[in-house]
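> for reference, the sequence and a predicted model appear below.
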Amino acid sequence: MNPVNYLYLAALLFTIGATGVLVRRNAIVLFMCVELMLNASNLALVTFSRLHGNLDGQIIAFFTMVVAAAEVVVGLAIIVSVFRTRHSASVDDTNLMKL
Amino acid sequence: MMELATPLTGAASTGEAVQFWVLAVISVAGALGMVLCRKAVHSALCLAATMLALAVCYMAEGAVFLGVVQIVVYTGAIMMLFLFVVMLVGVTAADEVKEPLKGQRIAAVLGGLGFGVLLIAGIANAKLRTFTGLSSANAGGNVQGLARLIFTQYVWAFEVTGALLITAAIGAMVLTHREHTEERQSQRELAEQRVRLGQQITPLPAPGVYARHNAVDIPGLLPDGSVSELSVNPTLRARGQMRDVSGDMLRRMDELESGSADWLSRRTPKPRTSTELVQPVAPAEPVPAHRSAQAEPAATEEESR
């Protein structure tokens, strides 16, 4: 098997995540879709690391994971505080700036 | 195909190929399930399955450390955080059916399909035939190799990452912190307020049916066998997660009563001896206890509201 199949899998997962971000309304599920996209890019980075035979791709994937963790913490805090004021987790209800 | 043009180096072994196809199916199914499930909890579980499959993929590709970090950080910490927030926000977590923008979903799916086709066609055109493999890079151990790079070449990025994590932690605390603008009401004030409003002065009835069910999602029964809605937590009521056993209860009560009536009528024609009268005649008689069960006071529950 050609290891490039991992890249196809990563592309497929990234596409599913991106479509999910566009299709879903619930802010939490939206965040999960973003996580899926980050995971797919990590898989691609690990495969690139194997392609080039050095560990730099894995380092970048590691930093991606750290940034994803920080992003999830802040994002979920925003979701919780929006839920407290608007009583909704739907991204369509956060339209205070809209006339 | 093009495989004839350049020989493939660093091909995966047959075992890895089998593993890849199994894991690819699992992860794609999990990803699709995450997008398609209506409830956020189901989406979270599907995503956890995908992440576990990806962790095994990392390990198969020689990134052992990343595979372990994936399991610990993603499926362990991040998914649990997601589940906590789903529980906090859960009542209205179901997606709305109405579309604010006309045809947005169809457009999104078409756009996603086009994007995926472009991405996959781009990878297919890349002619990646030479995979060096990580056997030389991982020669001194995967963790040791990563550590050498992180603490030499990438040490600045590593330190900035620490600052980022601290900022994120403080940001989360600031965002979710709630300042109490007014004094918290004492129990006495709450009781006085209840009397003043005059709607529900007594404590709320307890859930569960005495000696049969004591789960919090089962409403208590009123003396006539109907359901007491007040006895179930409002959150469960709003989610529609109330388990009504009143019909089942009444049926079983009727069975019990008719059974004991049958048994008594079968017994009565026989002339009783004095030894028989010492033994209890009808063992199946704690019937009234079930019906008066819902009047149990629920003081602790009341306080927590």
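Received it, and whenever you're ready, just let me know what you need.

> helices or strands up against the helix or strand harbouring B:Ile170?
Per DSSP states H and E, B:Ile170 falls inside helix B:155-176. Packing partners of helix B:155-176 (3 or more Cβ pairs under 8 Å, 6 or more residues apart in numbering or on different chains; DSSP states H and E): helix A:56-86. (Glycine included, C-beta is placed from N, CA and C.)

> now do the helix it packs on: which elements does it pack against?
Helix A:56-86 packs on helix A:27-52, helix B:64-69, helix B:79-89, helix B:142-150, helix B:155-176, going by 3+ Cβ pairs under 8 Å, 6+ apart.

> give the rounded mean pLDDT of the last one.
Mean per-residue pLDDT for helix B:155-176: 93.

> buried residues, that helix. List them.
B:Phe158, B:Thr161, B:Leu164, B:Ala168, B:Ala172, B:Leu175 (16 or more other Cβ atoms under 10 Å in any protein chain shown).

> correct me, but the third one touches A:Ala69?
No: with contact defined as Cβ atoms under 8 Å, B:Leu164 and A:Ala69 do not form a contacting pair (9.5 Å).

> pLDDT weak spots in chain A?
Applying pLDDT under 70 to chain A flags residues A:97-99.

> 90 - rerun?
Chain A contains residues with pLDDT under 90 at A:1-4, A:23-28, A:52-54, A:78-99.

> about what we covered before: next helix or strand past the helix holding B:Ile170?
Beyond helix B:155-176 on the C-terminal side, the first helix or strand identified by DSSP H and E is helix B:187-197.

> and the helix or strand following that following helix, what's buried?
Next helix or strand after helix B:187-197 toward the C-terminus (DSSP H and E): helix B:234-239. Within helix B:234-239, the residues that count as buried by 16+ other Cβ under 10 Å are B:Leu236, B:Arg237.

> helix B:234-239 and chain A, any residue contact?
No: counting by Cβ under 8 Å from any Cβ of the partner chain, chain A has no neighbours in helix B:234-239; the shortest distance is 11.2 Å.

> output whatever helix or strand comes next after that helix in CSV with nothing but the alpha carbons.
Under the assignment DSSP H and E, the closest C-terminal helix or strand after helix B:234-239 is helix B:246-267. What follows is helix B:246-267, C-alpha atoms only, in CSV (Å, rounded to 0.1, in the frame of the first residue of the first chain):
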residue,chain,number,x,y,z
SER,B,246,-48.1,5.0,35.8
GLY,B,247,-49.9,2.8,33.2
ASP,B,248,-47.6,-0.1,33.9
MET,B,249,-48.0,0.5,37.6
LEU,B,250,-51.8,0.5,37.5
ARG,B,251,-51.8,-2.7,35.4
ARG,B,252,-49.6,-4.5,37.8
MET,B,253,-51.6,-3.2,40.7
ASP,B,254,-54.8,-4.6,39.1
GLU,B,255,-53.1,-7.9,38.4
LEU,B,256,-52.0,-8.1,42.0
GLU,B,257,-55.5,-7.3,43.3
SER,B,258,-57.3,-9.7,41.0
GLY,B,259,-54.7,-12.4,41.8
SER,B,260,-55.2,-11.9,45.5
ALA,B,261,-59.0,-11.9,45.0
ASP,B,262,-58.7,-15.2,43.1
TRP,B,263,-56.5,-16.7,45.7
LEU,B,264,-58.9,-15.6,48.5
SER,B,265,-62.0,-16.9,46.8
ARG,B,266,-60.3,-20.2,46.2
ARG,B,267,-59.3,-20.4,49.8
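
> by contact count, what packs against helix B:246-267?
Other helices and strands packing on helix B:246-267, by 3+ Cβ pairs under 8 Å, 6+ apart, are helix B:287-291.

> domain ranges for chain B?
According to automatic domain parsing, chain B comprises the domains B:2-95+B:107-133, B:137-164, B:203-262+B:288-305.

> okay, the helices and strands packed on helix A:56-86, which one's buried deepest?
helix A:27-52 (a mean of 23; mean count of other Cβ atoms under 10 Å in any protein chain shown).

> and chain B, is that helix touching that?
Yes: applying Cβ under 8 Å from any Cβ, one finds helix A:27-52 in contact with chain B at A:28-29, A:31-33, A:35-36, A:39, A:42-43, A:46-47, A:49-52.

> would you mind measuring from B:Gly259 to chain A?
Per Cβ to the nearest Cβ, to the nearest Å, B:Gly259 is found 51 Å from chain A.

> no wait, B:Leu113
From B:Leu113 to chain A the distance is 8 Å (Cβ to the nearest Cβ).

> contacting residues for that residue?
Neighbour list for B:Leu113: A:Thr15, A:Thr19 [criterion: Cβ atoms under 8 Å, 6 or more residues apart in numbering or on different chains].

> what's the helix or strand for it?
helix B:104-124.

> okay, angle between that helix and helix A:27-52 too, please.
10 degrees (axes from the mean of the first three to the mean of the last three Cα atoms, to 10 degrees).

> what about B:Arg105, how many neighbours?
Look at B:Arg105: counted by other Cβ atoms under 10 Å in any protein chain shown, it has 15 neighbours.

> what about the nearest residue to it once chain neighbours are set aside, how many neighbours?
Spatially, and ignoring its direct neighbours in sequence, B:Arg105 is nearest to A:Val23 (5.4 Å; Cβ to Cβ, 6 or more residues apart in numbering or on different chains). Residues lying near A:Val23 (other Cβ under 10 Å) number 20.

> identify the residues contacting A:Val23.
Going by Cβ under 8 Å, 6+ apart, the list of residues near A:Val23 reads B:Val35, B:Arg105, B:Ala108, B:Val109.

> list the buried residues in stretch B:193-210.
Buried positions in stretch B:193-210, judged by neighbour count with 16+ other Cβ under 10 Å: B:Leu204, B:Pro205, B:Ala206, B:Pro207, B:Gly208, B:Val209, B:Tyr210.

> and of those, the nearest to chain A?
Distance to chain A across those (Cβ to the nearest Cβ) is lowest for B:Leu204, with 22.8 Å.
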